[in-house]
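In: Pasting the sequence and the predicted model now:
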Amino acid sequence: MATVKRDYYEVLGVSRDCTPEQLKVAYRKLAMQYHPDRNNGDKGAEEQFKEVGEAYSVLSDPQKRQRYDAFGHVDGAQPDFGNFSFDSAFDLFDMFFGGGGRRRAHTGPQRGDDLRMNIEITFEEAVFGAKRTVEVPRATLCTECNGSGAKPGTSATKCATCSGSGQVRRTMQSIFGQVASVTPCPTCHGEGQVIQEPCTVCRGQGRIQGRHTVEVTIPAGVDDDVTLRLTGEGEPGPRGGPAGDLYLGFRVKPHPNLVRRGQDLLYELPISVTQAVLGDTIAITTVDGEHPVEVAPGTQPGRQIKMHGLGVPHVRTGRRGDLICVVRVVVPSHLSHQDRALYEQLGGREGKPAEVKKGFFDSLRDAFRG
Ligand SMILES: [Zn+2]
Ligand SMILES: [Zn+2]
């Protein structure tokens, strides 16, 4: 399932110009509200706990916040905020509230890591959406040791420090009062067992790098700043845990004639002096195929002709923007004898500025206003 990543400010329910103090207050409230210990492991709350943590970790860092404001959910070309895992959300919570939030032992099934990658798509695919098969480099179970990490013929032995539980208990003061807190065993790093002879193929990891193909439906209207979350398409979880998510970004190839500006498309329309003076109906190639543009008699350079609904659909609402033709009048630099004679016949060379109804700066202003 593909979901578009929510805006971080929206996630925390704060305005774009909020102060660091307001940010803290918002995070504190939401992190407490969605903490899994208070929601009986509700999946929706867990996701929100993670989302809130991710949003706060980016917006509370002045540099990351600045980059986020400038680029939104960045693609690989920009500094990456990525791979904010569920564990990071707990770490952040612990840091914020001074420890004791919750630490997870690693012996049980664990959620796999999130992955982040970018794919290149054509301009048309970005406008209309597409189905693509994406090759994702990700870990697969090591077939040599069957994922155990131990050399075939040997097996991991139970850790003596924690008797195989992977965790040691201690009592801590937390925001929920005094709790017996479990922390990962320092000897086996929470694994519960110690591998004496690691598998040589995966070097004891139990997993090796592999490739995996994912069918992706790219929604219409994506751009370089949109990130799709593909639930469960990330790294497989250790010990049979759920897979992480795959975050997919896009690099949209430029179009030879069209430039995107939000939901609108800009098209530079070169016309001849005759077309500008007398008007014409000109067929242009848009993303929807050929379309006629009406150039009115007396069209000035820089004039913008709007074609409603031929722009880019909004990635969420599907509402399409406009195609805006910006007129450029091409003045001939080489004239045939015949053309030259015709222009001379027109006259108009009186040695003074041409008369215009509107001032030059008025029409310039019009052109920029769109
Ligand atoms: Zn192995
Ligand atoms: Zn141990």
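Out: Great, that's in hand. Keep in mind that this is a model prediction, so the values were computed, not measured. Ligands and ions are numbered 1, 2, ... in the order given.

In: Every contact and neighbour count from this point should use C-alpha atoms.
Out: OK.

In: What is the helix or strand that contains Q48 packed up against?
Out: With elements taken from DSSP states H and E, the one containing Q48 is helix 43-59. Helix 43-59 is packed against helix 8-12, helix 20-34, helix 62-71, helix 86-97, with contacts defined by 3 or more CA pairs under 8 Å, 6 or more residues apart in numbering; DSSP states H and E.

In: Show the average pLDDT along whichever helix or strand comes after the last one.
Out: Under the assignment DSSP H and E, the closest C-terminal helix or strand after helix 86-97 is strand 115-121. Average pLDDT, strand 115-121: 92.

In: give me the number of residues near the nearest residue to A156 once chain neighbours are set aside?
Out: Distances taken as CA to CA, 6 or more residues apart in numbering put I195 closest to A156, at 4.4 Å, once the chain neighbours are dropped. Under the neighbour criterion other CA atoms under 10 Å, I195 is assigned a count of 19.

In: Tell me the pLDDT of I195.
Out: Among the per-residue scores, I195 holds a pLDDT of 85.

In: do the same with H212
Out: Per-residue pLDDT puts H212 at 84.

In: Show me which residues of the stretch of helix or strand P292 belongs to are buried.
Out: When elements are defined using DSSP H and E, P292 is found to belong to strand 289-295. For strand 289-295, the neighbour count (16 or more other CA atoms under 10 Å) marks V293, V295 as buried.

In: Please list the outside residues in contact with it.
Out: Applying CA atoms under 8 Å, 6 or more residues apart in numbering, the contact partners of strand 289-295 are Q275, A276, G279, D280, T281, I282, A283, I284, T285, I305.

In: The next helix or strand along the chain from that strand: how far from the chain's middle?
Out: Counting by DSSP H and E, the next helix or strand C-terminal to strand 289-295 is strand 304-307. A distance of 30 Å separates the centroid of the chain from that of strand 304-307, by CA atoms, centre = their mean, to the nearest Å.

In: ok, now stretch 152-164?
Out: Taking CA atoms, centre = their mean, one finds stretch 152-164 lying 42 Å from the centre of the chain it belongs to.

In: For that stretch, output the C-alpha coordinates as CSV.
Out: In CSV, the C-alpha atoms belonging to stretch 152-164 read as follows (Å, rounded to 0.1, in the frame of the first residue of the first chain):
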residue,chain,number,x,y,z
PRO,A,152,26.7,-25.1,9.6
GLY,A,153,27.2,-28.0,12.0
THR,A,154,27.6,-25.7,15.0
SER,A,155,24.9,-23.7,16.8
ALA,A,156,24.8,-20.6,18.9
THR,A,157,25.0,-21.2,22.7
LYS,A,158,22.8,-19.6,25.3
CYS,A,159,24.3,-16.5,26.8
ALA,A,160,25.4,-17.0,30.4
THR,A,161,24.9,-13.4,31.5
CYS,A,162,21.2,-13.3,30.8
SER,A,163,20.5,-17.0,30.7
GLY,A,164,19.2,-16.5,27.1
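
In: Can you mark which positions in that stretch are buried?
Out: Going by neighbour count (16+ other CA under 10 Å), the buried part of stretch 152-164 is S155, A156, K158, C159, T161, C162, G164.

In: what's the span of stretch 338-352, first residue to last?
Out: In terms of CA to CA, to the nearest Å, the two terminal residues of stretch 338-352 are separated by 26 Å.

In: partners of the most centrally placed residue in the chain in the sheet?
Out: The structure's the chain has its C-alpha centroid closest to T227; by CA atoms, centre = their mean the separation is 2.5 Å. Under the criterion DSSP bridges, T227 forms beta bridges with G249.

In: quick one, what contacts the closest residue to ligand 2 within the stretch 251-370 of the chain?
Out: Each residue of the stretch 251-370 of the chain has a distance to ligand 2, by CA to the ion, and the smallest belongs to R251, at 45.1 Å. Neighbouring residues of R251 by CA under 8 Å, 6+ apart: D75, N118, I119, E120, I121, D223, D224.
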